[in-house]
Every structure is written in C-alpha cells, then in structure tokens.
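Asks: Compute the structure for the input listed below.
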Amino acid sequence: MIIFGWGHQKINNVGPTFKQQCSHCNNSEYWLLNKISTWFTLFFIPVFPYENKHFLSCPICQYGVELKSAQADEIKPFAEANQLLIDGKITENEYKTRLSLLPNRESEIVEAEVEQSIKSDDSPLTFCSNCGTGLTGEIKFCGNCGAKNMIE
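Replies: Purely as a prediction, here's the structure:
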C-alpha cells in the first residue's frame, strides 16, 4: 500500500520589499514578498514541488496580490537584501553596494505595475497567514486549513 498526496504547502517569507499604503486596512508598511510552494508527498513526506506562486502581502492584514513570475524575479533581490540587513547579516555599506549592483529602472517599472494592481479592486485577495491559500470576500475562516481570518 502506497500513501501519496499533493497540496502540501510551504510558505517562504523572502523579505520586505517597498513601502505601500494598504487599500484594505489603510496602514503604510513595507509589504512582504512570499513564495508558496505546493509539494507532492509520499508517505506524508514532501518529495518535490510542482507549483510555485509569489505574492506580496500587507504585513498587518495579509491583504495582497499575486505576482507574475517576472515581477517576482525583479523584486526578489531587493527583498533578500532588505531581509539580510534586518537580520544583521550584512552591514549598511554592504547593503548599499548590493542595491547599487541591481538594475533600478526595471524594478521601478515592476514596482509601479505592482502598486497599480494593488490599488485596483478587480481581484482583491487576502492570503491565509497560516497556509497561504488565497481568500476572497469577507471569509472568516480559511477553507484549506481552518485558521481564523485576521481581517474583521
């Protein structure tokens, strides 16, 4: 008898990206870049990921927007550098050096695209802070893991 499954998710917080005012909770904070990997499991052990998604979320209310792969690739180096600075793993000078090596013009365009999609109310998403599943509407509990939604 072989027991297998899919749908096991792992959330990796890449780091803070840029400061943005949340249209949902009206707080101005550095939004977090998160990566959600969905894994195939064998005997309840994650074997390999078969889906990766990236999203930006407000650190206060977890309201967010899903990113395209190209957008996530552009923002990821900034988020990693910011997280290393926050964790104290690099100095201020090393941080400035890393930022100077990154292409600025493309990231500003991506940031503007992301800000525009955050401000548009076409598909507002909230992500479960426990499992990362996208939640829509005024849902009180996550349909995937049952965690209580923090937005009131």
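Asks: Mind listing the residues bridging to residue 35?
Replies: Taking DSSP bridges as the rule, residue 35 bridges to residue 12, residue 54.
Asks: helices and strands of this protein: which one has the lowest mean pLDDT?
Replies: Counting by mean pLDDT, DSSP states H and E, the chain has its least confident helix or strand at helix 104-119, which shows a mean of 56.
Asks: Now name the helix or strand holding residue 46.
Replies: strand 45-57 (DSSP states H and E).
Asks: what packs against that strand?
Replies: Contacts defined by 3 or more CB pairs under 8 Å, 6 or more residues apart in numbering; DSSP states H and E place strand 45-57 against strand 4-21, strand 28-42, strand 63-67, helix 69-87, strand 125-127. To be clear about C-beta, it is placed using only N, CA and C from the backbone, and glycine gets the same treatment.
Asks: wouldn't residue 44 be in contact with residue 3 here?
Replies: Yes - if you go by CB atoms under 8 Å, residue 44 and residue 3 touch, sitting 7.0 Å apart.
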